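S.K.: Okay, here's the prediction I keep looking at, along with the sequence it came from:
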Amino acid sequence: MQKIGVFVCWCGSNIAATVDVARVVAAAREVSGVVYAADYPYMCSEQGQDLVARAVREHGLNRLVVCACSPRMHEKTFRACAERNGINPYQVEIANIREQCAWILKDKDEATAKAIVLMKAAVAKALLDEPLAPGESPVTKRALVIGGGIAGIETALDIAEAGYPVDIVEKEPSIGGKMAQLDKTFPTLDCSACILTPKMVDAAQHPNIRILSYSEVEAVRGFVGQFEVDIRRKARSVRADLCSGCGICAAKCPSRQADSEFDAGLRKRGAIYIPFAQAIPKVPVIDRTQCLKFRTGKCGVCSVVCPNHCIDYEQKDEILTERYGVIVLATGFELLDLKRFGELGWGRSKDVITSLQLERLTNAGGPTEGRLVCPSTGREPKRVVLVSCVGSRDTTDRGKTYCSKICCMYNAKHAMYIREKYPDTDVTVFYIDVRTPGKGFDEFQRRAVEEYGVHYIRGLVGKVDVHRDGTLHLTAGDLNSGRQIEMEPDLIVLAAAVTPSPDARRIAGLVTASIDNDGFYVEAHPKLRPVESPTAGIFLSGMCQGPKDIPETVAQAGAAAVKAIGLLAKDKLLANPCTARCDEQRCSGCEICVQVCPYGAITAEDKTVVTLEGVRETRPVAVVNEALCQGCGACSAACPSGAMDLKGFTNREILAEVDALCW
Amino acid sequence: MLVTQEQKQQPAAGAAAGKDTAVGKDTGTGAAAFEPKIVAFCCNWCSYAGADGAGTARKHYPANVKIIKVPCSGRVRPLFILRAFQKGADGVILCGCHPGDCHYMTGNYYARRRMDLLLSMLDYLGVAKDRLRVAWVSASEGARFADLMNEFTAHIASLGENVKLRDMRCRK
Amino acid sequence: MTAANVNPAEIRTPEQEADYTEQLLRLADTPVRRCIQCGRCTGACPMAKHMDLVPNRLVWELKNGRASVVLAARSPWDCLSCFACETRCPRGISPAACMEAARLMAIRPAGAPVLTAEEVAALDPEMPQQGIVAAYRKFSK
């Protein structure tokens, strides 16, 4: 006998202002199967849950329907509450009367009517809910971190420190990411390399960390606790076990065609190269698209000069298959390609550069050994213009709608250290707004203006003319004075919008993580679960989730590590009990379900069954492996005989909901 | 025989009046105030979250749309949709993850093919194809979800009441 | 030259201001509310140096419902309709359309255009279409 209790939450005024809660309660009392109905301002609060507990005791309830916020928010809360009170957690249904009712409607009658219908549908489903018990699955106590920038390194270090082995997969030849390219960091102006390289060394030397550089994730199978990942270890053409990192090969390489990725295209590199002096691992790699040996067969200088005979032109890509309990995504960011910003001189003058290129130009390890010069002339610039929001806060198709968050601060940083090193150089920053929320950030930006005499002009550059002699001329809006101004700068630095790594989308597909329209990973809940992907066992670290600066990235990396450790610390995971189930009597053994199952969770096995006609016979029937089944329900929709069903979302339950919604 | 009679009577009785009294709803002043019933099957991973996003952003869409949560668009059997039409739904919309983004890798592709077949069958059954829609809405597309529901509801309202699939034998 | 037919000095009450703003917005048909005042339009405008109300301020005044300021400005008559502002705008707004709206407001009540349909037909066929339209409007006072 089903005894249902209906609990209607006000959610303060969130629901109660638009939905007549009392009417929903009154309507609930009329529904057959409902023996108790009540409302409370905050059902999720301790008092609210006490009210549920009391009602269960006093009225002998065995199913709960909670009319409240989205189940994505508090389904867990109420399931736990039910369990404490002796009700199976899977006999709890949530009617989403906040997001689907109170918040989308204005008219109280309309909202109340809809709330009542949603409540009835939930009751209809609850009536059919069966008690379910989750199975258990083991946890592989090893973590995979995809991306070896500061986010990935930090997450890996934290997980490794907790005692679990971690693999870092980095697609570039060295870990370090974008932070390795930077010169200084805001707001303290300490040297980026000085704080990053020790971390890189820590990661390399940590007994629990294995760095798989120049590698890419190729396939992911399995699920939380037991992911099975194929990692392509791209052929370096250099034997890492023998290489001492002396760099002679790179120095002698006759090819000098390729732009150095690390120096943001400001320098050429050889076909065999070590990306930068502090690279980890410090093992060169042959870029086969550039190498003369691979292109023409004639060269082989590197193999001749190598003292340890490490060069191996025959090396092949290898596929490494490894099992992991959790995966942390730390795929980082790129800068927006500015090819559609030609009016700002991009692509038309060498002296129009991105902020990342400026970092390389001021970095002691950069192409100019830290001397700021105009790339076209090699002379020190006397007037530098920094332009904010190039492609950020742009709703047209050439830009990104979001604020890139870091540019205001790095513009102030760049302006400051240009003024510090070259007091005669005039620096002007064009901006829309200066956004400096962060500890010590606004003070930092004000110092740029007040102590370093950086000119901040509210307005953006509209047009840059490149004269025949290579000089630049720009016109910009000066909003505070309400007029147009002109300048002839020697160097223009564009703060290009940040974008997610182009690989993020591919990796999202592999691990089935959600991704937003801009290509950033979506978090499970924007406020309460900011470092988790909606997919169990996938965590997010750093820029891949949204624009953020280094302190925030490190904080998020730590948070992701804690979440990952929490999972790895468990010996068993409770599996989702909403798995497929086969009615063997009805199953005809057609094996359509075997083909549609994306997890290989269904097999056809010979079994002795009693048919509907009462005949005992042995024939193949579908058998579901509950440990593998993820509960997508593809089999239950494909089954021609209606034998396959999905626990928690049974055919009968969904039909009952349909009936309730359509009256 | 009974069916045809009922069908003949239906337009005469007036779509709004006949239906709304059955529903027990106040017809109000405007006789043309046809309120379509729309069932939306939403994938738990994307469009259900998108619907939540629409709510969180306070984007308005009509109360006519009632959502049923399913684990995946591939879970939806054509039977569920036919049942909805049979029980008096005027429109059904199935929302899943964008192609390539399915949480279960392939569910939305199966859904797309299955719905393609169902669409061609709907014509045969006498239900306008337009009454069933398949759409992809991601978890971050709250505004799009609301726009889609507004547009779909308006479209269904313009089609008028769905009478064909009512199971007349079961009518009291 | 200011808009002669709508005397901005006569716009006194908030209601009139709102009414004219609404008319202007309807004529401009561009989402001025999206403006974030970045000033790229002003930076891009080849005539901004000669304007009393630069493009970004024109959009700003329109967005904030000050039609009188817009209609009193000379800038709409300095505007070349080159659409550089529209092309550069990161928010998809057309300041050029706002300029055009201000011109139209001034011209519209004056009645028939000076250039008749025959005269337009007699114009050089090689002339860009936009030139014909501009001629139509600018000389129709």
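M.R.: Perfect, I can see it now.

S.K.: any weak-confidence spans in the chain?
M.R.: Since you didn't name a chain, this refers to chain A. For chain A, the stretches flagged by pLDDT under 70 are A:663.

S.K.: let's do chain C instead
M.R.: The model of chain C has pLDDT under 70 over residues C:1-6, C:108-121, C:123-125, C:127-141.

S.K.: quick one: contacts for the closest residue to residue B:91 other than its chain neighbours?
M.R.: With sequence-adjacent residues excluded and distances taken as Cβ to Cβ, 6 or more residues apart in numbering or on different chains, residue B:91 is closest to residue B:156, at 3.7 Å. Glycine gets a C-beta too; all of them are placed from N, C-alpha and C. Contacts for residue B:156 (Cβ atoms under 8 Å, 6 or more residues apart in numbering or on different chains) come out as B:36, B:38, B:64, B:90-91, B:130-131.

S.K.: Skipping adjacent residues, who's closest to residue C:69 in space?
M.R.: By the measure of Cβ to Cβ, 6+ apart, the closest residue to residue C:69 outside its immediate chain neighbours is residue C:61, 4.5 Å from it.

S.K.: give the contact list for the one you found.
M.R.: With contact taken as Cβ under 8 Å, 6+ apart, residue C:61 is in contact with C:53, C:67, C:69-70.

S.K.: Residue 107 - how many residues pack around it?
M.R.: Went with chain A since none was named. Neighbour count for residue A:107, taken as other Cβ atoms under 10 Å in any protein chain shown: 11.

S.K.: wait, chain C
M.R.: Taking other Cβ under 10 Å as the definition, residue C:107 ends up with a neighbour count of 19.

S.K.: picking up where we left off before, point me to the helix or strand that includes the residue nearest to residue B:91.
M.R.: Element membership of residue B:156, judged by DSSP states H and E, is helix B:142-159.

S.K.: Just say helix, strand or coil for the residue nearest to residue C:69.
M.R.: helix (DSSP: H, G, I helix; E, B strand; the rest coil).

S.K.: ranges for the helices of the stretch 201-350 of chain A?
M.R.: Per DSSP state H, counting those that start in this stretch, the stretch 201-350 of chain A carries helices over the ranges A:248-252, A:292-296, A:301-305.

S.K.: Out of these, the one nearest residue A:160 is which?
M.R.: helix A:248-252 (30.5 Å; Cβ to Cβ).

S.K.: Now the closest one: buried residues?
M.R.: Of the residues in helix A:248-252, those buried by neighbour count under the rule 16 or more other Cβ atoms under 10 Å in any protein chain shown are A:249-250.

S.K.: now stretch A:354-371
M.R.: Under the neighbour-count criterion of 16+ other Cβ under 10 Å, stretch A:354-371 has A:354-363, A:365-368 buried.

S.K.: Kindly report the same for stretch C:10-29.
M.R.: Under 16+ other Cβ under 10 Å, the buried positions of stretch C:10-29 are C:11, C:17, C:20-21, C:23-25, C:27-28.

S.K.: And the contacts of it?
M.R.: Residues contacting stretch C:10-29 (Cβ under 8 Å, 6+ apart): C:6, C:32, C:62, C:65-68, C:70-71, C:94, C:97-98, C:100-102, C:104-105.

S.K.: And the buried residues of stretch C:10-29, which is closest to chain A?
M.R.: Minimum separation from chain A among the buried residues of stretch C:10-29 (Cβ to the nearest Cβ) is found for residue C:28, which lies at 17.6 Å.

S.K.: How about the closest one, nearest residue that isn't a chain neighbour?
M.R.: Leaving aside its sequence neighbours, residue C:28 is closest to residue C:101 (3.8 Å, by Cβ to Cβ, 6+ apart).

S.K.: residues contacting that neighbour?
M.R.: If you count contacts by Cβ under 8 Å, 6+ apart, residue C:101 has them with C:24-25, C:27-28.

S.K.: Kindly report the same for residue C:73.
M.R.: Applying Cβ under 8 Å, 6+ apart, the residues near residue C:73 are C:2, C:51-53, C:58, C:102.

S.K.: Which of the residues you listed sits closest to residue A:280?
M.R.: residue C:58 (55.6 Å).

S.K.: for chain A, what's the longest helix?
M.R.: Using DSSP state H to define each element, chain A has its longest helix at helix A:108-128.

S.K.: Convert that helix to CSV, retaining C-alpha atoms only.
M.R.: Taking C-alpha atoms only, helix A:108-128 is exported to CSV below (Å, rounded to 0.1, in the frame of the first residue of the first chain):
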residue,chain,number,x,y,z
LYS,A,108,-0.1,33.4,-9.8
ASP,A,109,-3.1,31.3,-11.0
GLU,A,110,-1.2,30.0,-13.9
ALA,A,111,1.8,29.2,-11.9
THR,A,112,-0.2,27.4,-9.2
ALA,A,113,-2.1,25.4,-11.8
LYS,A,114,1.1,24.3,-13.4
ALA,A,115,2.6,23.5,-10.0
ILE,A,116,-0.4,21.3,-9.2
VAL,A,117,0.0,19.4,-12.5
LEU,A,118,3.7,18.9,-11.9
MET,A,119,2.9,17.7,-8.4
LYS,A,120,0.4,15.2,-9.7
ALA,A,121,2.9,13.9,-12.3
ALA,A,122,5.4,13.4,-9.5
VAL,A,123,2.9,11.6,-7.4
ALA,A,124,1.9,9.4,-10.4
LYS,A,125,5.6,8.4,-10.8
ALA,A,126,6.1,8.0,-7.0
LEU,A,127,3.2,5.5,-6.9
LEU,A,128,5.1,3.2,-9.2
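
S.K.: list the buried ones in it?
M.R.: Residues of helix A:108-128 classed as buried: A:110-128 (neighbour count, 16+ other Cβ under 10 Å).

S.K.: which one among the contacts of residue C:61 gets closest to chain A?
M.R.: So of the contacts of residue C:61, ranked by how close each gets to chain A (Cβ to the nearest Cβ), first place is residue C:53, at 7.9 Å.

S.K.: returning to what we had before: please pick the buried ones from the contacts of residue C:73.
M.R.: For these, a neighbour count by 16+ other Cβ under 10 Å gives the buried set as C:51, C:53, C:58, C:102.

S.K.: Please flag which of the residues you listed sit within helices.
M.R.: Among the buried ones among the contacts of residue C:73, the members that lie in helices (by DSSP H) are C:58, C:102.

S.K.: Rebuild the buried ones among the contacts of residue C:73 as CSV, extending it with distance to chain A.
M.R.: Conversion of these to CSV gives the following (distance: Cβ to the nearest Cβ, whole Å):
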residue, distance to chain A
C:51, 8
C:53, 8
C:58, 10
C:102, 17
